[in-house]
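> Predicted model and sequence below, questions to follow.
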Amino acid sequence: MENSSVYRFNLILVAMAIVAMTTYIFLSNLLVSQRYALGLRWSELNRLNAGLLTEEQQGVSYNMKELLIYGQKSGLIEAKDIDSILENDGFAVLNR
């Protein structure tokens, strides 16, 4: 009797270890993929900013259409009819 309870206890411990390792691997891969996606967005934004700087230095007008397409693909929200945005305790406040 005592031998089978020890066997069951060890089996439960092994199952818990497998679940913990699987969870750790899944969550770490999720975190890495999110950081990678964010890095891609930052590099795309930096590329667009560098292009705008180059155009500005050459006296060429801004390529707003490309920025608009990038903003729409990234899920950014268009700001309309805004005078200014002030930071108040970490929140954006609209002043009209």
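Okay, I see it.
> Any stretches of the chain with poor pLDDT?
Along the chain, segments meeting pLDDT under 70 span 1-2, 55-63, 78-96.
> Do a quick rundown of the strands in this protein.
With strands called from DSSP state E, the chain shows them at 84-88, 91-95.
> Ramachandran angles for residue 75?
Dihedral angles phi and psi of residue 75 (degrees, to the nearest 10) take the values phi 80, psi 20.
> Against residue 21, how distant is it?
Note on residue 75: its distance to residue 21, by Cβ to Cβ, to the nearest Å, is 34 Å. Any C-beta I mention is one placed from the backbone N, CA and C, and that applies to glycine too.
> Which one's more surrounded, these two?
For residue 75 and residue 21, the more surrounded residue by other Cβ atoms under 10 Å is residue 21, and the numbers stand at 10 against 7.
> Report the contact partners of that one.
The contact partners of residue 21, by Cβ atoms under 8 Å, 6 or more residues apart in numbering, come to none.
> from now on call the first residue 19
OK, 19 is where the count begins now, so the last one is residue 39.
> Check the gap between it and residue 47 for me.
Distance from residue 39 to residue 47, by Cβ to Cβ: 13 Å.
> With residue 71 instead?
According to Cβ to Cβ, residue 71 and residue 47 sit 36 Å apart.
> again, but for residue 87
Residue 87 is 30 Å from residue 47, by Cβ to Cβ.
> now swap in residue 64 and tell me
When distance is defined by Cβ to Cβ, residue 64 is 26 Å away from residue 47.
> do residue 21 as well
39 Å.
> more neighbours, these two?
Neighbour totals were compared for residue 21 and residue 47, and residue 47 leads with 10 against 7 (other Cβ under 10 Å).
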